[in-house]
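Peer 1: Pasting the sequence and the predicted model now:
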Amino acid sequence: MNNTLDSETVGRTVSQTATAATGPPTERQNRLMPLARFEAECARIGNISDPRLFLQFLRNAGEVFWREGCFDNQIILDQAWVLEAVYTIFNRENCVTILTQAAGRFGAALLDAVVWGPAGYSPADQKLFLEFMVSSGICFAIRAASGMLYIAPDFLPADDVDQPTVTIDRSATRCLQFDSLPPLLMRNLISRVGNEAGAHGRYWRNGVHFFDSKLGSRVLIEQSCSHQWRGEIRISTEGGDAQKAMEAAITAVVAEAQRLGVSPKG
């Protein structure tokens with residue numbers, strides 16, 4: 001890419017390579033674009049020496065959604081189309097009831113039957129929506145005997161129903177205090193752990209308990225909130241290299257918090 005990227009180049013390239021329409025859904029075109037086609041369009045338009053860097057620019061500017069290796073290496077141009085489908089899950093009373101009763105666990109067939117199938121979304125569209133949900137931290141996938149199972153932290157029970165069996169020593173605990181504790185922080189942490197620990201972790205809306213196999217340590221991360229958005233994240237580790245596991249957990253919490261625009265006190 002050139003050292004300077006003027007607004008004319010940005011506008012022209014966005015309009016020609018990322019033409020997600022803002023009109024009615026039936027009038028939208030080019031919802032997806034293969035990465036190879038994007039690179040070819042950049043070469044055709046010219047003045048873009050590094051298409052991948054320019055794609056990152058468009059992503060960071062909120063013009064497109066793209067992650068390396070996701071969505072069969074396609075770029076999501078019409079983000080409104082995807083978000084409209086995904087957040088239908090949270091706006092359908094019957095779907096919310098079903099997911100809450102199922103403790104946030106669901107298969108692709110459930111969303112097809114209750115939400116996306118009746119709305120006319122194709123199996124390929126539904127696959128992309130689920131991949132978007134996983135990549136965005138809305139849910140994470142684990143392998144179960146019945147096939148791929150998804151867990152959405154927003155629909156988990158507030159407390160760990162198996163809490164009496166958690167024997168981790170809570171005396172070795174670090175507390176991170178927040179003047180503002182975004183609800184997304186714990187959700188994103190649960191999804192992040194879930195992508196690694198899978199079925200071997202325990203998950204509830206306010207916490208996660210898992211085994212760090214690299215360090216041989218058990219880790220417990222919990223949140224509690226008080227009035228006016230104040231709250232704290234408590235981290236406990238035990239066994240193996242518990243100190244290094246503690247440091248790794250704190251680093252993960254702080255990094256996620258900063259990504260959301262907040263930082264712990266002190």
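Peer 2: Okay, I see it.

Peer 1: How about residues contacting whatever helix or strand Ile75 lives in?
Peer 2: According to DSSP states H and E, Ile75 maps onto strand 74-76. Residues outside strand 74-76 that contact it (C-beta atoms under 8 Å, 6 or more residues apart in numbering) are 18, 31-35, 38, 55, 64-66, 82, 128, 132. The C-beta positions use only the backbone N, C-alpha and C, and glycine is treated the same way.

Peer 1: all strands of the stretch 151-266 of the chain, in order?
Peer 2: 173-178, 202-204, 207-212, 217-225, 231-238 (DSSP state E, counting those that start in this stretch).

Peer 1: How about exporting stretch 242-256 as PDB, limited to the C-alpha atoms?
Peer 2: Output of stretch 242-256 as PDB, limited to C-alpha atoms (Å, rounded to 0.1, in the frame of the first residue of the first chain):
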ATOM      1  CA  ALA A 242       0.600 -22.300  39.600                       C
ATOM      2  CA  GLN A 243       2.500 -19.000  39.600                       C
ATOM      3  CA  LYS A 244       3.000 -19.100  35.900                       C
ATOM      4  CA  ALA A 245      -0.600 -20.100  35.400                       C
ATOM      5  CA  MET A 246      -1.700 -17.200  37.500                       C
ATOM      6  CA  GLU A 247       0.500 -14.800  35.400                       C
ATOM      7  CA  ALA A 248      -0.900 -16.200  32.200                       C
ATOM      8  CA  ALA A 249      -4.500 -15.800  33.400                       C
ATOM      9  CA  ILE A 250      -4.000 -12.300  34.600                       C
ATOM     10  CA  THR A 251      -2.400 -11.400  31.200                       C
ATOM     11  CA  ALA A 252      -5.400 -12.800  29.400                       C
ATOM     12  CA  VAL A 253      -7.900 -10.900  31.500                       C
ATOM     13  CA  VAL A 254      -6.100  -7.600  31.200                       C
ATOM     14  CA  ALA A 255      -5.600  -8.000  27.500                       C
ATOM     15  CA  GLU A 256      -9.300  -8.700  26.900                       C
END
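
Peer 1: Show me which residues of it are buried.
Peer 2: Neighbour-count burial for stretch 242-256, counted by 16 or more other C-beta atoms under 10 Å, picks out Ala242, Ala245, Met246, Ala248, Ala249, Ile250, Ala252, Val253, Glu256.

Peer 1: Those in helices, which ones?
Peer 2: Counting by DSSP state H, the part of the buried residues of stretch 242-256 found in helices is Ala242, Ala245, Met246, Ala248, Ala249, Ile250, Ala252, Val253, Glu256.
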